[in-house]
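# Could you work out the structure for the sequence below:
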Amino acid sequence: MAVQQYKYVIVGGGLAGDAAVEGIREIDKDGSILLIGAEADLPYDRPPLSKQLWKGDQKIEQIFKHDQHYYSENKVEMCLGAQAVELDAHARTLQLGDGRVLGYEKLLLATGGTPRPLEVPGGDLDGICYFRTLQDYRRLRPEVSAGKCALVIGNGFIGSEMAAALCTNGAEVTMVFPGKYICSRVFPEAMGRAISELYISKKVKLIPEDKVTSIARTGDTWQVQTDKGQQMSVHIIVAGIGIVPNVSLAQVAGLSTSDGIEVDEYLRSSDVRIYAAGDVARFPEVTLGIRRLEHWDAAISQGKQAGRNMAGARERYAYMPFFFSDLFEFGYEAVGDCDSRLETFADWQEVNRTGVIYYLRDERVQGVMTCGIFGKTYDAREIIRTQQIVAPSSLVGRIKGD
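Residues are numbered from 1 along each chain as shown. Take a look at the predicted model:
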């Protein structure tokens, strides 16, 4: 089979891949671009899948980054619903599942991640929703209505947001998770327990410090057993227990990988013709060191920078991405390393509701979370980047709501 040649090939039809198109076209207006996406949909924003779509604030047609005309106008060939199965870095070729072989000058791996499966009996049954894609939303949305019983497994970003979304839409929601409280890897304990109380006040049943051990299907209901002996019968199961970065193509090609694809400050892999961005990229952040982030802002900013560098810009990726979440009426924005295992200092205007949480290591701020305060990520980044030794009390009033 003849090899089809492209100047730029982007593997991944998500936010990073879409942003790479913009980055390339800022530098190179005419070089041929092929964007390969495993999903059949055009690139879309992911945050609304667990937020605005459930609140009615947006409709599906509003979450797409661009329409087909944009890609045509920018001379981007779209190959959606396709899988890249083999990468030969030496020959600079990529093979698709249908047998086509593509040649490239520069390649971007924006392959994202795959939901981590439940490794329990029944964890692989059809109908369990490992929520991640627009197609998952399309399948799940019609199932959710008043009186339906839903089990959410996991208490991280997806688990906590989906529990709120299902509850808001009338479902009777139960959460099972191994931590002590909601978002225990991010929230300090006092705040996490306050958010857990918020969920309980919304009639969400919490089963902390437990885990699902078996799942079975009986008619139109699921029978679930937990490690501590809880038994429940539910109509819907949503699992959000993290993702596994999709590194198989990189590994086949002999690229350096660990918990993701290793890249340098230019987002280049160990092969300088191959770049990586988004959930799959393990990159050196200027202030905080080697990291891999699974956030919307990281995907977009890395994708765009990778695209510019593929087209010859040679610019360091020096941006510090932020992330955000909405849990019922509680919302926050955060920058840096917000790990609940770090020392934390809270500067509250209203305890556990409005204020700023600082995450410190060796008396230096590593992360900042603004709760109920928005648009302050620039200030938060500046505090982190100084890496000055600070007394927690000196942080009082450094960031305030408008």
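# contacts, neighbours, all on C-alpha from now
Will do.
# Determine the longest helix present in the protein.
helix 296-310 (DSSP state H).
# any idea which element the closest residue to residue 339 other than its chain neighbours lies in?
Nearest non-adjacent residue to residue 339, counting by CA to CA, 6 or more residues apart in numbering: residue 186, 5.0 Å away. Using DSSP states H and E, residue 186 sits within no helix or strand.
# Next, the contact list for residue 186, please.
Residue 186 makes contact with 338, 339, 340, according to CA atoms under 8 Å, 6 or more residues apart in numbering.
# Return the backbone torsion pair for it.
Backbone geometry at residue 186, expressed as degrees, to the nearest 10, gives phi -120, psi -50.
# separation between it and residue 338?
Distance from residue 186 to residue 338, counting by CA to CA, to the nearest Å: 6 Å.
# Against residue 351, how distant is the residue nearest to residue 339?
According to CA to CA, residue 186 and residue 351 sit 17 Å apart.
# swap in residue 386?
From residue 386 across to residue 351, the span is 27 Å (CA to CA).
# Residue 269 versus residue 329, what's the distance?
Shown here: residue 329 relative to residue 269, a distance of 41 Å by CA to CA.
# more neighbours, those two?
Neighbours were tallied for residue 329 and for residue 269 using other CA atoms under 10 Å; the higher tally belongs to residue 269 (25 against 9).
# ok, that one - contacts?
With contact set as CA under 8 Å, 6+ apart, residue 269 has these partners: 255, 256, 261, 262, 263, 275, 276.
# could you pull out the strands for the stretch 1-150 of the chain?
Assigned by DSSP state E, counting those that start in this stretch, the strands in the stretch 1-150 of the chain fall at 3-11, 33-37, 76-80, 84-88, 93-96, 101-109, 113-115, 129-130, 149-153.
# Walk me through which strands the last one pairs with, and which way each runs.
By that I understand strand 149-153. Paired strands of strand 149-153, with direction, are strand 172-176 (parallel), strand 236-239 (parallel) (DSSP bridges).
# same deal with the fifth one?
Using DSSP bridges, the strands paired with strand 93-96 are strand 84-88 (antiparallel), strand 101-109 (antiparallel).
# what's the longest one in contact with?
Strand 101-109 is touched from outside by 1-12, 17, 92-95, 273-277, 306-307, 310, with contacts defined as CA under 8 Å, 6+ apart.
# most packed of the strands paired with strand 93-96?
Highest mean neighbour count among the strands paired with strand 93-96 (mean count of other CA atoms under 10 Å): strand 101-109, with a mean of 22.
# pull the CA atoms of that one into CSV?
In CSV, the C-alpha atoms belonging to strand 101-109 read as follows (Å, rounded to 0.1, in the frame of the first residue of the first chain):
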residue,chain,number,x,y,z
VAL,A,101,0.1,3.9,6.1
LEU,A,102,0.8,7.6,6.6
GLY,A,103,4.1,9.4,6.4
TYR,A,104,5.0,12.5,8.4
GLU,A,105,7.6,15.1,8.9
LYS,A,106,6.4,16.0,12.4
LEU,A,107,4.0,14.0,14.6
LEU,A,108,2.0,14.9,17.6
LEU,A,109,0.9,12.2,20.1
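# distance between that strand and the chain's centre?
Averaging C-alpha positions (CA atoms, centre = their mean, to the nearest Å) puts strand 101-109 25 Å from its chain's average.
# Quick one: which of the contacts of residue 269 is the most crowded by neighbours?
Counting neighbours by other CA under 10 Å, residue 276 leads these with 33 neighbours.
# these two touch, right, it and residue 307?
No: using CA atoms under 8 Å, residue 276 is not in contact with residue 307; the gap is 9.9 Å.
# one step back: next step: the contacts of residue 269 restricted to strands.
Those of the contacts of residue 269 mapping onto strands are 261, 262, 275, 276, per DSSP state E.
# Would you mind finding the most buried of the strands of the stretch 1-150 of the chain?
Highest mean neighbour count of the strands of the stretch 1-150 of the chain: strand 149-153, a mean of 25 (counted as mean count of other CA under 10 Å).
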